[in-house]
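Undergrad: how would this look folded up:
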Amino acid sequence: IEDLCFDCPTIAKPRNVSGNLIETATNKEIMENIDIEKITINEIDQLQKIGRQTFYETFSESNTEENMERYLENGFSADKIKTELNNENAELYFAKIDEKIIGYLKLNFGQSQTELKDDKALEIERIYVLKKKKKKKVGQILYDKAIEIAKHKKALCLVRSLGRKSESNKFLQKKWFRRV
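TA: Have a look, this model is predicted:
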């Protein structure tokens with residue numbers, strides 16, 4: 001597993017790999033009003049649904065149907081999601097348009113991080129968006145939320161673990177992250 005690490009000094013002013021300032025989605029005109037809301041323990045079913053759907057849309061072409069079914073059942077079980085939501089070192093957020101869930105973000109801190117386990121870092125474990133909403137800047141807005149939380153928690157580094165090739169990895173690496 002590789003990590004993509006956001007250059008620590010640039011958390012306040014995101015830059016792309018060529019060093020140019022990145023215009024954040026909150027500074028761009030957005031066609032629809034996208035709300036970001038922290039996920040509560042009472043929203044397990046909704047998280048299961050969006051998690052399974054976005055994971056399937058992202059990885060089904062590169063997996064067998066049997067592997068997908070197994071992962072969707074285990075990776076998004078009610079018990080696993082409940083554990084994630086009860087973890088004090090993790091936060092999950094829905095992206096919504098008109099109260100309809102269109103994506104989600106999962107952040108990890110300290111020992112809940114999958115690789116680094118650094119108290120001065122914040123890890124983006126997941127940014128998933130419905131395929132039909134990918135051109136709406138939803139990923140950018142979820143990323144902006146991660147930056148906001150990193151600043152609030154005084155994180156020095158923002159990390160994204162890479163377990164497999166995906167559009168989200170390309171999205172993050174293209175805009176803000178470098179391989180470490």
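Undergrad: my read: residue 44 touches residue 77, true?
TA: No: using C-beta atoms under 8 Å, residue 44 is not in contact with residue 77; the gap is 9.8 Å. All C-beta spots, glycine's among them, are computed from the backbone N, C-alpha and C.
Undergrad: who's more crowded, these two?
TA: residue 44 (19 against 13; other C-beta atoms under 10 Å).
Undergrad: starting from whichever helix or strand the more buried one is part of, tell me the next helix or strand along the chain.
TA: Element membership for residue 44, per DSSP states H and E: helix 44-59. Remark: after helix 44-59, the chain's next helix or strand is helix 65-75, criterion DSSP H and E.
Undergrad: show me which positions of that following helix end up buried.
TA: For helix 65-75, a neighbour-count test (16 or more other C-beta atoms under 10 Å) marks 68, 72 as buried.
Undergrad: tell me which other helices or strands it touches.
TA: helix 44-59 (3 or more C-beta pairs under 8 Å, 6 or more residues apart in numbering; DSSP states H and E).
Undergrad: what average pLDDT does the helix it packs on get?
TA: Per-residue pLDDT over helix 44-59 has a mean of 96.
Undergrad: next, the angle helix 65-75 makes with that helix.
TA: Angle between the axes of helix 44-59 and helix 65-75 is 150 degrees (criterion: axes from the mean of the first three to the mean of the last three C-alpha atoms, to 10 degrees).
Undergrad: mind giving me the packing neighbours of helix 44-59?
TA: The elements that helix 44-59 packs onto, with contact taken as 3+ C-beta pairs under 8 Å, 6+ apart, are helix 65-75, helix 78-86, strand 90-97, strand 100-109, strand 121-129.
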